[in-house]
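Colleague: Pasting the sequence and the predicted coordinates here, then a few questions.
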Amino acid sequence: MKVLLLTNSIGFGGVEKNVAFLANNLTIRGHEVYVLNYNSIGDYINSSQQVFLDEVRLLNYEGTKKGKLNRLHKILYTYRQTRIFCPDVIVGFTAFPSYAAKIVSILTGVPSVMTERGN
């Protein structure tokens, strides 16, 4: 199965650790995993990046748009990557990646899973 995981960051933190655990363990079980990192948090946090297996494909969003245009651009980028990789499921971690997963799911017919984390 092909799995596309969407996240705001692959730096330190609980959500980021869960993304890495899921990506690595699905890969060990023979699935093809892509992690799309929106880099929403900033490079200073991504500098202490989670450890991913070599087989996990990391995609780093490098958009330059600001504000609401940035969010729209991220959704369009996710849509394009979904059309290229043809995943069987899209999983969004936290609010915006989950919204993006759902919107792209509606546009492409690929099932999505939305996860949320709040303190």
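Modeller: In hand now; what should we look at?

Colleague: Count the residues that sit near Val56.
Modeller: Val56 has 20 neighbouring residues, counting by other C-beta atoms under 10 Å. Bear in mind the C-beta positions are built from the backbone N, C-alpha and C, glycine included.

Colleague: Contacts only, for Asn66.
Modeller: If you look again at residue 66, you'll see it is Lys, not Asn. Listed by C-beta atoms under 8 Å, 6 or more residues apart in numbering, Lys66 has no contact partners.

Colleague: where along the protein do the helices fall?
Modeller: 14-28, 43-46, 67-85, 95-108 (DSSP state H).

Colleague: average pLDDT for the shortest one?
Modeller: Okay, so that is helix 43-46. Averaging pLDDT along helix 43-46 gives 51.

Colleague: Any stretches of this structure with poor pLDDT?
Modeller: Counting by pLDDT under 70, the ranges of the chain that qualify are 40-48, 118-119.

Colleague: Please name the nearest non-neighbouring residue to Val91.
Modeller: Val113 (4.5 Å; C-beta to C-beta, 6 or more residues apart in numbering).

Colleague: wait, isn't that neighbour in contact with Val89?
Modeller: Yes: between Val113 and Val89 there is a contact under C-beta atoms under 8 Å: 6.5 Å.

Colleague: Just to check, Lys17 is in contact with Gln50?
Modeller: Yes: between Lys17 and Gln50 there is a contact at 6.2 Å, judged by C-beta under 8 Å.

Colleague: Which residues does stretch 93-100 contact?
Modeller: Under C-beta under 8 Å, 6+ apart, the answer for stretch 93-100 is 5-8, 15, 18-19, 38, 40, 71, 74-75, 78, 92, 112, 114-117.

Colleague: go with 6 Å
Modeller: Contact partners of stretch 93-100, identified using C-beta atoms under 6 Å, 6 or more residues apart in numbering, comprise 6-8, 15, 19, 75, 78, 92, 114-115, 117.

Colleague: still on that earlier bit, so for Lys17 and Gln50, which sits in the more crowded spot?
Modeller: Set Lys17 next to Gln50 and count neighbours by other C-beta under 10 Å: Gln50 wins out with 21 against 13.

Colleague: ok, the more buried one touching Ile10?
Modeller: Yes: Gln50 lies in contact with Ile10 (C-beta atoms under 6 Å); the separation is 5.3 Å.
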